[in-house]
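Asker: this one's structure only:
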Ligand code: OSB
Ligand code: MG
């Protein structure tokens, strides 16, 4: 395929409720929508770089710069036989995984459409439905949290993840475990603790948590290996994993027993698949993380999560859990049994709602030969 035009859109979508984490409070989500056009086909992707450098060093502005000045010029007008060939053209760009992942996603969509195949099929997916959970921000009280959890469980969600931060951790875990003895529960610290907190994590061992996500430094692998040796609950790494190499280091050092895969964090679906396959070979379960994506990003996430070693429910929730109105049709919904259907139509398998996309677009730039 020859891509003659690439379009970037800076979008801003208002969250249905503020998302509070150890990194701060988010009221809206800014991402980049990437559109590629070639051979009469259109591909869509989403770069999950946010407006702020609090989860990752990347932001909408840095990703825009890398896309505009390096990634898009590398592929524009080239005759490409597949996604691998595109990736090879910008391999020399270091880091900037979210910028790369946004473009790669749009290319995957276009190539899948050219083969009349769904993304799930292109990736080697084996499931028509994936198990999904919900990630809940820090609440103002235990009562408020229990109320939220009840609501999500009644919608069918299979597991609950709560965000924690120093001083807002063990009391919420205790309250939930008391109210819901059998709940599939996990926690995410987003790097808010240090090895000095090992006593606190030992206490968490009493509450049957499925996992503790990224308790220590956002680039750390070594200290996590020390913490994992001290506690029974599996550690799961998110922020620290940017590649297959990071994954190998973490598994071989014993820094975690579970891996969270986010395509945006590791540079795209291609690296995600390598990590998935390596973890499968090491008997390490993986699950699909989330970045509060719009339906465009979500479609790819659901497709990736249909691979066999995604054995734990993902942070893949219904469109309406995030936004009043999504930018795709149909919107993503959660089935009563806590699953989400994997799209079967070609590419991302959903249509972009152009009217909604226009409404959330803050800035647009078109690149042509
Ligand atoms: O750490 O998993 C995280 C959202 C933004 C940035 C980081 C994280 C998250 C979430 C939300 O937990 C997951 C979702 O998209 O539902
Ligand atoms: Mg996380």
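Answerer: Ah, there it is. Every value quoted in this text rests on a predicted model; they were computed, and no experiment measured them. Ligands and ions are numbered 1, 2, ... in the order given.
Asker: what does the stretch 251-369 of the chain put close to ligand 1?
Answerer: Listed as neighbours of ligand 1 in the stretch 251-369 of the chain under the rule CB under 6 Å from any ligand atom: 289-292, 315, 317. From N, CA and C alone the C-beta is placed, and that goes for glycine too.
Asker: Just give me the closest of those residues to ligand 1.
Answerer: Ranked by distance to ligand 1 (CB to the nearest ligand atom), those are led by residue 290 at 2.3 Å.
Asker: Look up phi and psi at the closest residue to the closest one other than its chain neighbours.
Answerer: Leaving aside its sequence neighbours, residue 290 sits nearest to residue 315 (CB to CB, 6 or more residues apart in numbering; 3.5 Å). With angles defined as degrees, to the nearest 10, residue 315 sits at phi -80, psi 60.
Asker: please begin residue numbering at 14 from this point
Answerer: In the new count, where the first residue is 14, that last one comes out as residue 328.
Asker: quick revisit: is it possible to export the residues of the stretch 264-382 of the chain next to ligand 1 to CSV including pLDDT, secondary structure and distance to ligand 2?
Answerer: Below are those laid out as CSV (pLDDT from 0 to 100; DSSP: H, G, I helix; E, B strand; the rest coil; distance: CB to the ion, whole Å):
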residue, pLDDT, secondary structure, distance to ligand 2
302, 98, coil, 6
303, 98, coil, 9
304, 98, coil, 9
305, 98, coil, 11
328, 98, coil, 8
330, 98, coil, 14
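Asker: Output these as CSV; include the columns neighbour count.
Answerer: Formatted as CSV, those follow (neighbours: other CB atoms under 10 Å):
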residue, neighbour count
302, 25
303, 22
304, 22
305, 21
328, 25
330, 22
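Asker: List just the nearest of those to residue 375.
Answerer: Nearest to residue 375 out of these is residue 305 (CB to CB; 16.3 Å).
Asker: contacting residues for that closest one?
Answerer: 28, 32, 39, 42, 335 (CB atoms under 8 Å, 6 or more residues apart in numbering).
Asker: Can you give me the neighbour number for the closest residue to residue 341 other than its chain neighbours?
Answerer: Once flanking residues are discounted, residue 341 sits nearest to residue 308: 3.1 Å by CB to CB, 6+ apart. By other CB atoms under 10 Å, 26 other residues sit near residue 308.
Asker: Correct me if wrong: residue 308 contacts residue 331.
Answerer: No - with contacts defined as CB atoms under 8 Å, residue 308 does not count as touching residue 331, sitting 10.3 Å away.
Asker: Overlap of the contact sets of the two?
Answerer: Common neighbours of residue 308 and residue 331 (CB under 8 Å, 6+ apart) are 344-345.
Asker: Which residues of the stretch 114-263 of the chain lie near ligand 2?
Answerer: With CB under 5 Å from the ion as the criterion, the stretch 114-263 of the chain meets ligand 2 at residues 201, 226, 251.
Asker: my guess is the second one contacts residue 272, does it?
Answerer: No - the pair formed by residue 226 and residue 272 falls short of the contact definition of CB under 8 Å, at 10.4 Å.
Asker: what residues are shared contacts of these two?
Answerer: Joint contacts of residue 226 and residue 272 (CB under 8 Å, 6+ apart) are 249-250.
Asker: Between the two, which is the more surrounded one?
Answerer: residue 226 (28 against 24).
Asker: Inside helices: which ones of the residues of the stretch 114-263 of the chain next to ligand 2?
Answerer: Under the assignment DSSP state H, these contribute nothing to helices.
Asker: ok, those residues vs residue 61, which is closest?
Answerer: Nearest to residue 61 among those, counting by CB to CB, is residue 251 at 12.7 Å.
Asker: tell me, how many neighbours does the residue lying closest to residue 243 once chain neighbours are set aside end up with?
Answerer: Distances taken as CB to CB, 6+ apart place residue 211 nearest to residue 243, at 5.3 Å, with adjacent residues excluded. Other residues within reach of residue 211, judged by other CB under 10 Å, total 16.
Asker: so is residue 211 in a helix, a strand, or just coil?
Answerer: helix (DSSP: H, G, I helix; E, B strand; the rest coil).
Asker: now whatever residue of the stretch 64-213 of the chain ends up closest to ligand 2: how far from ligand 1?
Answerer: Distances between the stretch 64-213 of the chain and ligand 2 by CB to the ion are smallest at residue 201, namely 4.4 Å. From residue 201 over to ligand 1 the distance is 5 Å, taken as CB to the nearest ligand atom, to the nearest Å.
Asker: Excluding sequence neighbours, find me the nearest residue to that residue.
Answerer: In space, residue 201 is closest to residue 226, 4.0 Å off (CB to CB, 6+ apart).
Asker: Roughly how far does the one you found sit from residue 52?
Answerer: When distance is defined by CB to CB, to the nearest Å, residue 226 is 41 Å away from residue 52.
Asker: before we move on, what about residue 161?
Answerer: 47 Å.
Asker: Just want to know which of those two has more residues nearby.
Answerer: Remark: of residue 161 and residue 52, residue 161 carries more neighbours, 17 against 11, as counted by other CB under 10 Å.
Asker: I'd say that one and residue 149 touch.
Answerer: Yes - counting by CB under 8 Å, residue 149 is a contact partner of residue 161 at 5.7 Å.
Asker: could you give the mean pLDDT of stretch 51-62?
Answerer: The average of the pLDDT scores along stretch 51-62 is 97.
Asker: likewise stretch 360-370?
Answerer: On average, stretch 360-370 scores 98.
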